[in-house]
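# coordinates only, no sequence provided:
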Ligand SMILES: Cc1cc2nc3c(=O)[nH]c(=O)nc-3n(C[C@H](O)[C@H](O)[C@H](O)COP(=O)(O)OP(=O)(O)OC[C@H]3O[C@@H](n4cnc5c(N)ncnc54)[C@H](O)[C@@H]3O)c2cc1C
Ligand SMILES: Cc1cc2nc3c(=O)[nH]c(=O)nc-3n(C[C@H](O)[C@H](O)[C@H](O)COP(=O)(O)OP(=O)(O)OC[C@H]3O[C@@H](n4cnc5c(N)ncnc54)[C@H](O)[C@@H]3O)c2cc1C
Ligand SMILES: Cc1cc2nc3c(=O)[nH]c(=O)nc-3n(C[C@H](O)[C@H](O)[C@H](O)COP(=O)(O)O)c2cc1C
Ligand SMILES: Cc1cc2nc3c(=O)[nH]c(=O)nc-3n(C[C@H](O)[C@H](O)[C@H](O)COP(=O)(O)O)c2cc1C
Ligand code: FES
Ligand code: FES
């Protein structure tokens, strides 16, 4: 039993949420052998890659919320060029590539997540990915704020459809559009992505959120910082169990409208949560923040999903 | 020390979120005397009133989420006419009216929350409220789905500005617009309400959310219902601590843009949470779901807010 | 009915005892008014409410007052999820948040009519305090109830028959809360092999003038309702519903009302005259 | 450095002892590799993780391994919030989730150079296992570390001096974890009245060839960094940061790197060569 997704054959329906699992860092911590044998996801989604390198936001970058996490990481990444020259070869060693997987077994397909501030930037990113046999599919992160409006590019269906249509031709690989949840009508955005030529959509990304520095009473609370924004980036995004019910509503709304497959995510901690997303129409499920609590969470979730249990 | 809000003088900045405290039901449970002496809010906001009576959604209406509650109540109410003829007199006995408060003390101003599917309906509602001396201000709930688009009327700034402008003249009383959080740009909506003539805005309302029936393993889980929508209304709205960080971000974004006062709410459980909303620019804070855990929560929150402590 | 003090109050747990499949939670409630039979409390642990399955419980949970003696409230719990589990794990000395007494309780039968108490599973809880009261075994506290329940005049101890149905023997041990109850079990492991509604039908044959008081799973309540409707026997049903507040604030606890619209179980009930209800909604009963 | 088994594992708590203002948590870790001094673990209680202040903790918490002997890991905790409180409340027999050992630890000094261990407050924890190791008091387990720390060859027990600074006497009791530590307290209630950096300055006057190993509050680390920079003394600083994952997945635990960009404390540290850092960020130290 396996899952078909945009022409890829996956061992089970559980992948990682972009930016929530760094396979190369994990390789250093857990070792190549262990990680290869126990890799928890049926496909690996990279952190968002941009044209130029980004350092990310100043600390603090994390705020722990009730049953959730607010992050303001700021998409740090080494930029397209070094991602291709440095990371892809290492990822090939770990996950396998077109020539199969080191130590045997089917390779774990690599989905590269990219973000650009304009159609031009995105086109360059997609063309570069298209040239890499190692990359099985591309995910477009359209949750980034539009430089003019400050709104997420993906929040306006018309704008989104134009962007997707403009860049679609840049790659023949499956194109996944990762929708923003910070919008009035996520299914309209999904339909726009589909109309623009997307092969799949993924959601939800984090909900725009904020936190103020702890007040007197809390450790390090009070004093100068008190009542000032806590996160170095000012605002951040909420993830984890707190957003699960919101994610389920958005995934259900989208899956009911589009023909293309949907990757559902948001607060998944168990097989039951994943099953909920599959039941409302998702083809794949992504585990994000839960991997922070346990790097093997993805495998735990997949193992409990009949009839995939056998595969993990 | 007291708070000025749209010409009303309030004992402290803590009011209730519409639909989270039924003063008349509470009167039956706790008795007139106790409730009058210990009324937890500095102004009382009614549940949403519509032109015609509404029975509300079929059960189940509640789903408990991680650190939150998903509700699908469906705005049950007795309709404008009976609200005015039956409820207002009783509210006058409890909270006091223009002639002061029974048993002395300043009256607790009544803010009536109304919802209509069209500018015409809203105009009738506002005109009726305008004629009632008992009503100190009106709150417009624009989170109701537009009958055509299914989107919240309040989600589109242009549409919102038109509606507010069209109905503004129907009352001379302070007009508060309760914004929907299910939008791409809540501050654009707030600016639209302001431009349309609103005297204040309140936020956040609940985040659109969903739940499926418990699965095998959970009590009553499994079986027929499993994997089907749990809520009688299909989808619902998420409230409580889970949305606190989202609320803080939206209130901060709105307060930074508008001139009119802001009522901030979303997951407030303590004075520290209320202080966060005040620090990002709210004039008043509303306690909603926390009142379900403790009917006196509003007073507890207000008591901890310097320099209002003395007043409660 | 007794009014509740405004605001949740802290109660100290005095004991948690096993009673077969159930737990009997006792807590000192010095400031609590004496509840009327059928009234309930919204309870939450002061410490560690949350962090159970799926990060729950979050809102407090509703529990019938099973007994109230010497300023101590007794609650009978069945562990069906994170809230009841947490409460059943409490130790003497630990604290509870309680909002109580809430809702409308039972009304005493008219002079001379016999009371048939019909309980199913955990639904037996409110019938225990009702038997205390109707049978007139009034401890000091109880008297207040009698006045209340008797609508003014303490009735002479009236004739009470208690019929209890359980899924199995472990649950049937809950019958120990009653004097002289007749028991039925689905699996025949104790008492009559079958449903408690079968015992009820027989009783109603013998005494058509009885008044029925019932609490239990939705299916049982529906059986009772239908039986009583046929025979035009007055029946008071103690319903359940998922609740967030318990005092009329959230409108979450509704059941369909006969003739349209909904009733809030917490303020219009939990005890509702069967005549006000049509078929009992699957969510309106005790956890089956 | 030792690799961590993939996936969090269950540890059983063997003891939780008070040590002045701190708690020493011990847990059996039969499957855990022996950590190198300076490595840490991400810990969470298996039961009731959450439901503390503001419904936290949610993510696991980072703790330096203070000792690791006979397949038992020791952690020194200071109760500063819901996570440390929950862990300090654990009882023997209760379980922990642990992901460990994580991060890069300390590197042994070159042959013949003296090691100056400088700890502040709860920051003393990783220096305890470092002293064990450098002083060559190797229990069976420890030898593995020595090899590791010694980059190949177990060094002869090298000359180790331990300087510890605390806010008050209750915290100063933490010094009991060490042999022959010199103590300073801010309030003069024990040892030198003043900052531990004053003791360090004196030591460096006497022995400019020492190598410094420091862990503590940001202000202390900055003091140590500045002192060592002036004297071109090599210093290894064990940093802290708010962490969600501990293994490089979230990019949340960064500190500014000298010359621009950021380092992930969990994978590039927690022990970082002072030369790689500019002024120590206020969030990069132990809770002050
Ligand atoms: C008036 C009244 C009196 C009661 N008296 C008693 C009594 O005396 N003794 C007693 O043991 N019980 C009593 N109950 C029932 C008791 O309140 C419930 O069993 C309790 O709330 C269950 O909580 P839980 O967390 O243990 O289980 P839950 O997990 O809340 O499960 C309970 C039911 O809720 C549903 N459910 C499951 N998950 C969710 C979710 N996430 N959100 C919403 N609903 C969900 C399912 O139908 C499940 O059967 C009474 C209820 C009422 C209304
Ligand atoms: C590598 C490493 C090793 C460590 N070793 C030890 C050790 O050996 N012993 C030890 O006791 N501690 C150690 N710590 C520190 C320990 O991890 C923290 O004290 C712990 O995480 C605090 O959790 P808490 O829930 O108790 O407190 P928190 O409430 O998390 O408060 C801790 C700090 O986090 C900030 N904060 C407050 N609220 C929030 C929020 N909602 N979200 C995000 N941040 C918030 C404040 O600055 C506060 O001072 C180490 C840390 C690291 C990174
Ligand atoms: C720390 C962190 C970093 C993230 N980085 C990215 C990113 O780089 N690109 C992206 O598309 N989504 C990113 N996300 C969003 C996740 O992929 C996912 O959409 C979201 O967290 C919801 O899933 P969860 O609740 O399971 O975490 C990030 C989330 C977190 C918590
Ligand atoms: C059960 C319930 C019913 C509500 N009913 C209404 C309503 O009738 N009108 C309205 O404008 N908001 C309504 N709300 C939204 C609240 O007023 C408030 O905006 C929201 O719950 C966020 O605040 P909280 O997290 O403190 O609950 C309702 C919320 C809940 C939980
Ligand atoms: S439980 Fe809230 S209205 Fe009944
Ligand atoms: S804690 Fe997650 S990257 Fe360091």
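Perfect, thanks for sending it. Nothing here was measured: the structure is a model prediction, and the numbers come from that model. Residues are numbered from 1 along each chain as shown, chains lettered A, B, ... in the order given. Ligands and ions are numbered 1, 2, ... in the order given.
# and for the closest residue to ligand 1 within the stretch 51-200 of chain C, the neighbour number?
Across the stretch 51-200 of chain C, no residue is closer to ligand 1 than residue C:81, which sits at 2.2 Å (Cβ to the nearest ligand atom). In this view, the C-beta of every residue, glycine as well, is placed from N, C-alpha and C. Residue neighbour count, defined by other Cβ atoms under 10 Å in any protein chain shown, stands at 21 for residue C:81.
# what ranges in chain C fall below the confidence cut-off?
Scanning chain C for pLDDT under 70 picks out the ranges C:137-157, C:288.
# any idea which helix is longest in it?
Longest helix of chain C, by residue count under DSSP state H: helix C:218-231.
# now what about the helix or strand just after that one, what contacts it?
Downstream of helix C:218-231, the next assigned helix or strand under DSSP states H and E is strand C:235-238. The contact list for strand C:235-238 (Cβ atoms under 8 Å, 6 or more residues apart in numbering or on different chains) reads C:38, C:64, C:106-107, C:123, C:126, C:211-215, C:221, C:224-225, C:228, C:269-274, C:277, C:280.
# these: which ones sit near ligand 1?
Subset of the contacts of strand C:235-238 in contact with ligand 1: C:64, C:270, counting by Cβ under 6 Å from any ligand atom.
# is stretch A:202-217 in proximity to chain B?
Yes. With Cβ under 8 Å from any Cβ of the partner chain as the measure, stretch A:202-217 is seen reaching chain B through A:207, A:208, A:209, A:210, A:211, A:212, A:215, A:217.
# what's across from the nearest residue to residue C:29 once chain neighbours are set aside in the sheet?
In space, and not counting its chain neighbours, residue C:29 is closest to residue C:73: 4.6 Å by Cβ to Cβ, 6 or more residues apart in numbering or on different chains. On the basis of DSSP bridges, residue C:73 is bridged to residue C:27, residue C:68.
# give me the subset of the residues of stretch A:202-217 next to chain B lying in strands.
Under the assignment DSSP state E, those contribute A:207, A:208, A:209 to strands.
# how far away is the residue in the stretch 201-312 of chain A that chain C sits nearest to from chain B?
Using Cβ to the nearest Cβ, residue A:241 is the residue of the stretch 201-312 of chain A that sits closest to chain C, at 5.5 Å. Applying Cβ to the nearest Cβ, to the nearest Å, the value for residue A:241 to chain B is 4 Å.
# let's verify the residue of the stretch 151-288 of chain C found nearest ligand 2: helix, strand, or coil?
Ligand 2 sits closest to residue C:244 of the stretch 151-288 of chain C, with a gap of 25.3 Å, by Cβ to the nearest ligand atom. The three-state label given to residue C:244 by DSSP: H, G, I helix; E, B strand; the rest coil is coil.
# so who does residue C:85 touch?
With Cβ under 8 Å, 6+ apart, residue C:85 has these contacts: C:52, C:79.
# how much space separates it from residue C:94?
Distance, residue C:85 to residue C:94, by Cβ to Cβ, to the nearest Å: 14 Å.
# give me the contact list for stretch C:12-25.
By Cβ under 8 Å, 6+ apart, stretch C:12-25 touches C:26-28, C:66, C:72, C:74-79, C:87-88, C:90-96, C:122, C:168-174, C:176-177.
# now with 7 Å, please.
Under the contact criterion Cβ atoms under 7 Å, 6 or more residues apart in numbering or on different chains, stretch C:12-25 has outside partners C:26-28, C:72, C:74-78, C:87-88, C:90-96, C:122, C:170-174, C:176.
# so which of those residues sit within helices?
Short answer: the contacts of stretch C:12-25 in helices (DSSP H) are C:87, C:88, C:170, C:171, C:172.
# which of the residues you listed are close to ligand 5?
Restricting these to those near ligand 5 - Cβ under 6 Å from any ligand atom - leaves none.
# so which of these comes closest to chain A?
Of all the ones in helices among the contacts of stretch C:12-25, residue C:87 has the smallest distance to chain A: 20.8 Å, by Cβ to the nearest Cβ.
# ranges for the strands of chain A?
Per DSSP E, chain A carries strands over the ranges A:3-5, A:8-10, A:14-16, A:44-45, A:62-65, A:68-71, A:110-114, A:135-141, A:175-178, A:200-203, A:207-209, A:236-239, A:262-265, A:284-287.
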